[in-house]
Structure formats: C-alpha cells, structure tokens
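[1] can you look at this prediction? I've put the sequence above it.
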Amino acid sequence: MTTAITLRSVGKHYGRAGADRPQTLKETTLRGFKTGRKERFWAVQDVSLDVTAGRTVGIIGPNGAGKSTLLRLIAGVERPDSGTVEVQGRIGALLELGASFHLELTGVENIMLSSVVAGLTRREARVRLPDIVEFAQLEDFIDSPLRTYSTGMVMRLAFSIASHVEPDVLIVDEALSVGDLSFQQRCIERMYAFRAAGVTIMFVSHDPARIRELCDEVVWLRGGRVAAAGPPMEVTARYVQSQAEAARRLTPRDVPDAYTPAGVKLEAHRNRFGSLEAQIGAVRILNAWNEPCSTMESGSPVRLEMDVAIPDNAAPAIASATVRRADELICLDTYREVRAQPQGGRVTLHIERLDLAAGEYVFDVGLYSGDWTRTYDYHFGAYPFSVTGRAAGAGMMAPPLSWSVGAGVSTR
C-alpha cells in the first residue's frame, strides 16, 4: 500500500535560557545585555513513523510532549534538525489556532491568502469561498478584520479553510477542543467524510475517547519520543494508566475521608485521586421524579448531579462521567468543559434513556484540567446502581427492538 507520510529519526531542538541567565534588568545591563548561555532541548527526538495513505493516526501525550512540534514538521512549517520527513500530496493543516492568519486582514482576505498558500490557485480559492464561509457560519462577520473575531470564530474559519482545500493529507491540532458542541460535531462528520474519501489524517488530541472514536492507529509521545504506537484501544489504555499513576502521585496524603449521599466511603489513594485544586462535592443519581435512586428500570431517564468547586486558577475544567459494568466494561464515557464559582456550582448529566441490560453498574466521576493533563478530583467506583428489566444475552444494551420477516422468509 502507498505510504503517505514517512518519518525517519526525526528530531527538532530549540534554544532556551540557561541557569546563568540574568534575573534583573540591572544584572542584564551590567553584563552588557548578554543573556547568558543558551541551553538546547529536544522538542522531538528520534521519531520514526510510516503512515499508510487513507489511515487516520492520532497523537496523544501531555503538554510539552512534542505533539504540535511534530505536526509542524509534517506540515512543512518547520524543518527538522535531524532525520527526514516525506509527505505525499497536498497538505491541509490546522495547527495552532489561527497560526497562519493575519489579524488586520478580513475573513475573506485570510481565506484567499491561506487557500493560495495551501496550493490552490486564486480562481480555485474564489470558487470555494462561499462554501468555506457557509461551513464556518461566519456570513455576518466575514468582511470584518480577524482581530474582532472570538477564539471560536477563528477556529471555525481555520478548520473550514483546511477542510476545503481538498487535501490528500489533513493535519489537525486540537481543533475539536474549541467551539460549541454543534460545530464540533460538524467537524467530526467532516473528518469521517475525509476518511471515507481516502484522505490521510493526522489528529492531535488530549482526549483518549475522541482518539478511539476517530483513529485507526495511535502514537503516544512522551518527552519528545514515541512511548508507544499501535491500535487505539491498546495505546490509549496505556496512556490513561500513566495518567492514573500521575494522579496517584498528585493525591495528598492528609485528605480527610468523606461519604457519598448513599454512604459509600471516599478515601484518598483508594477510590479518590487527584490534586484537589478543584473538587467534586455531593454526587446524586436521580430518577425521572427527581428522587435519589440506586435501582432503575432499563430504558428509563436518569440524571447525574455533581456539586463542584472550581477556583479561577483551575478553570476551565473538564467534568467527566463514566458508566462501568461490574466486569469493568465501559458502557458510557462522556465529558463537558465547565466553569463554576469558587464557592461552588452544579453540573448535571441528563441521560434521556439508559438502555442498559439488567445488571450491576457504577458511575465514575472526575474533574480534570482543560487540557486533560492534570487530574483535580476523581471518584472511582463510588456511585453504584442496579438496572432491572430484560437481560440482553452477552451484550450490554437492551434497547426497544423487534424482529420482522419479509416475503420468502419464515420463522417459528
């Protein structure tokens, strides 16, 4: 099969101020404005990778792991200091938010400029202009300077341009972490359409669930090097495990025990982990009548309420909820970016139909930093519940269903 992207022993280093740098303006002046010796650090080091044409490859890792640097090298924005990078075909790149935009130019002018830089002719760019504006939903602002746009508007424009230059290789750096949920869903649908059309996609995200959803393969970067590469479930599981170990290290030792409304004991380093810079308070499972419940009928609506306290220095945070079966199978994994007053607020997950098979389950809840690199408060296995109703054989779902047969088919 054709290889779309080939990396061989790729490395990129930058200079940063050393320990002997002057600390004050006076010290800088006395040194004749010499800033001291520069230290070299490798943002990416010894990365080798082959990406088959038409595959979607996710890149995960904490901040500073080298994800964005690697994408810039693949996109040709920067050159490697060691190794080689080869990319076959036209590249559509959405790197750091609006990195290639000019703030004083209007939206239209930025579309034309970015499209030509991406390889389109001016005529091709003009033909695509209405579709780019429509997808970005910026009809009322497209003739205004980019400096008047919000962050979400810039992201919508950047993704729309990158996805309309008919790329052979699409490079997306955390585009789905900004913007409203409806536009995020449109971006995901667009990426699925590219996959179906055989476009090669390199996608960076902090979110393991999103990586598992979209990608055929995953590369985990740690300290600028490849820590693991392979199937999404396997690599993301290892990454999540490493994050869990980091959360254990963050967890203070002197945290007093707490109890859930149902009486389950929350104990640090046993079923509660995190730095506690932001905290989860009471968590309630409620039925359709707004009553606390621990047993519910399959197919019934459920609400999960979390009281949270998120100081300004920890905002925005990610609130997450996971439903696990008794055998550890994950049945639901969802999250939402939230802010709350430091003195506290409430986050509610509404599940319109809990179509689970009869059995024993548990809610895990968590608060994380906005980039998923830091666990603030994670409650593991503290909110159990039972589902009654029809079992679904070996499956976990029990939705309303029926069978029918047509002409030429009989049943007993």
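    Here it is on my side, so go on.

[2] okay, now the domains of this structure?
    3-243, 253-388 (automatic domain parsing).

[3] worst average pLDDT in these?
    Mean pLDDT values for the domains of the chain show the minimum at domain 3-243, a mean of 84.

[4] how far does it stretch from start to finish?
    Between the opening and closing residues of domain 3-243 there is a gap of 32 Å (Cα to Cα, to the nearest Å).

[5] distance between that domain and the chain's centre?
    13 Å (Cα atoms, centre = their mean, to the nearest Å).

[6] same thing with stretch 263-279?
    Put simply, stretch 263-279 sits 24 Å off its chain's centre (Cα atoms, centre = their mean).

[7] for the stretch 1-150 of the chain, what spans make up the helices?
    Using DSSP state H, counting those that start in this stretch, the helices of the stretch 1-150 of the chain run over 25-30, 67-75, 107-117, 122-136.

[8] in TSV: those, plus mean neighbour count and distance to residue 166.
    Heads up, the C-betas are built off the backbone N, CA and C, glycines and all. Shown next, in TSV, are those (neighbours: other Cβ atoms under 10 Å; distance: least, Cβ to Cβ, whole Å):
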stretch	mean neighbour count	distance to residue 166
helix 25-30	11	51
helix 67-75	23	16
helix 107-117	20	10
helix 122-136	16	9
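
[9] tell me which of those helices sits nearest to residue 371.
    helix 67-75 (11.0 Å; Cβ to Cβ).

[10] returning to that earlier point: TSV for the domains of the chain, including distance to residue 398?
    TSV is the format used below for the domains of the chain (distance: least, Cβ to Cβ, whole Å):
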stretch	distance to residue 398
domain 3-243	23
domain 253-388	4
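
[11] and of those domains, who's closest to residue 396?
    domain 253-388 (5.3 Å).

[12] in a strand, residue 188, correct?
    No - counting by DSSP: H, G, I helix; E, B strand; the rest coil, residue 188 is not found in a strand; it is helix.

[13] from residue 404, how far off is it?
    32 Å (Cβ to Cβ, to the nearest Å).

[14] and if you look at residue 157?
    For residue 157, the distance to residue 404 - Cβ to Cβ - is 48 Å.

[15] which one's more surrounded, the two?
    Set residue 157 next to residue 404 and count neighbours by other Cβ atoms under 10 Å: residue 157 wins out with 26 against 6.

[16] show me what contacts that one?
    Listed by Cβ atoms under 8 Å, 6 or more residues apart in numbering, the contact partners of residue 157 are 98, 101, 107, 110, 111, 132, 136, 138, 146, 149.

[17] please apply the same query to residue 247.
    By Cβ under 8 Å, 6+ apart, the neighbours of residue 247 are 273, 274, 375, 378.

[18] tell me which two of the residues you listed sit farthest apart.
    Maximum distance among the contacts of residue 247 (Cβ to Cβ): 6.2 Å, for 273 and 375.

[19] what number of residues lie near the closest residue in space to residue 329 that isn't next to it in sequence?
    Excluding its sequence neighbours, the residue lying closest to residue 329 (Cβ to Cβ, 6 or more residues apart in numbering) is residue 396, at 6.2 Å. Residues near residue 396, counting by other Cβ under 10 Å, number 18.

[20] likewise for residue 341?
    Residues lying near residue 341 (other Cβ under 10 Å) number 12.

[21] look at it and tell me its secondary structure.
    Relying on three-state DSSP, one would call residue 341 coil.

[22] ok, now residue 243?
    Assignment for residue 243 (three-state DSSP): helix.

[23] hang on, the earlier thing: residue 206 is nearest to which of the helices of the stretch 1-150 of the chain?
    helix 67-75 (9.0 Å).

[24] neighbouring contacts of that closest one?
    With contact meaning Cβ under 8 Å, 6+ apart, helix 67-75 is reached by 5, 7, 10, 12, 43-44, 47, 59-61, 78-80, 85, 87, 91, 93, 95-96, 169, 171, 173, 202, 204, 221, 224.

[25] at 7 Å instead, please
    Contacts to helix 67-75, defined as Cβ atoms under 7 Å, 6 or more residues apart in numbering, come from residues 5, 10, 12, 43-44, 47, 59, 61, 78, 80, 85, 87, 91, 93, 95-96, 171, 173, 202, 204, 221.

[26] only whichever of these are buried, select them in PyMOL.
    Buried residues within these, by 16 or more other Cβ atoms under 10 Å, are selected in PyMOL with:
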select buried, resi 5+10+12+43+44+47+59+61+78+80+85+87+91+93+95+171+173+202+204+221
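
[27] how far away is residue 283 from residue 321?
    To residue 321, residue 283 is 9 Å away according to Cβ to Cβ.

[28] overlap in contacts, the two.
    Jointly contacting residue 283 and residue 321 under the rule Cβ under 7 Å, 6+ apart are residue 365.

[29] still on that earlier bit, mind putting the helices of the stretch 1-150 of the chain into JSON lines with distance to residue 259?
    Shown next, in JSON lines, are those (distance: least, Cβ to Cβ, whole Å):
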{"stretch": "helix 25-30", "distance to residue 259": "55"}
{"stretch": "helix 67-75", "distance to residue 259": "40"}
{"stretch": "helix 107-117", "distance to residue 259": "54"}
{"stretch": "helix 122-136", "distance to residue 259": "49"}
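
[30] quick one: closest of those helices to residue 193.
    Closest among the helices of the stretch 1-150 of the chain, once you apply Cβ to Cβ, is helix 122-136, at 11.7 Å.
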